[in-house]
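*Asks:* Build me a model from this:
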Amino acid sequence: MKRAIAAIVLALGLGACGQGAGVHIENAEFRPPLGASGIGVAYFAIRSDKADRIVAISSPEADRIEIHASVTQGGNVSMKHLAGVDLPAGETVRFAPGGMHLMVFSPRHIGANTAFPITIELQSGAKQSAPFREISGVVEPRG
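*Replies:* Here you go, the predicted model:
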């Protein structure tokens, strides 16, 4: 019996290795699509204890998720798709209105004031899943 319990504890411990160790996500918000666009947006802050890079983002509740950044050139604002985002060791990287953000394509509605699951995959192989709080309404850019 003791061997079985020890084996289970060891398996759980090994399964947790590399799964978001040293990655911290805060202020995770998901805003569902407005109108018929079919595209929601997500914002959050992320910090990694070690230098790393975001290489993929996904959710079982969306067709796909892309990283975008708002770019201003010559007075025109556009969005640029980013293949990844560097995470300098110990520094907080923010995804916020008017800057970097996640475009959530064809999200399935899971209900207001519920958690929308998003998984962030890092170049190191670590994965961090987080509940993004669903918030309805128009987002105003932060200054």
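
*Asks:* Every contact and neighbour count from this point should use C-alpha atoms.
*Replies:* Noted.

*Asks:* Quickly note the distance from the nearest residue to Asp52 once chain neighbours are set aside to Ser59.
*Replies:* With sequence-adjacent residues excluded and distances taken as Cα to Cα, 6 or more residues apart in numbering, Asp52 is closest to Leu87, at 5.1 Å. Leu87 sits 21 Å away from Ser59, going by Cα to Cα, to the nearest Å.

*Asks:* on that earlier part again, could you report the neighbour count for the residue nearest to Asp52?
*Replies:* Neighbour count of Leu87, defined by other Cα atoms under 10 Å: 20.

*Asks:* what do you get for Ala36?
*Replies:* When neighbours are counted by other Cα under 10 Å, Ala36 registers 6.

*Asks:* And it, what's its pLDDT?
*Replies:* According to the prediction, Ala36 has pLDDT 82.

*Asks:* doesn't it fall inside a strand?
*Replies:* No - with DSSP: H, G, I helix; E, B strand; the rest coil as the criterion, Ala36 is located in coil rather than a strand.
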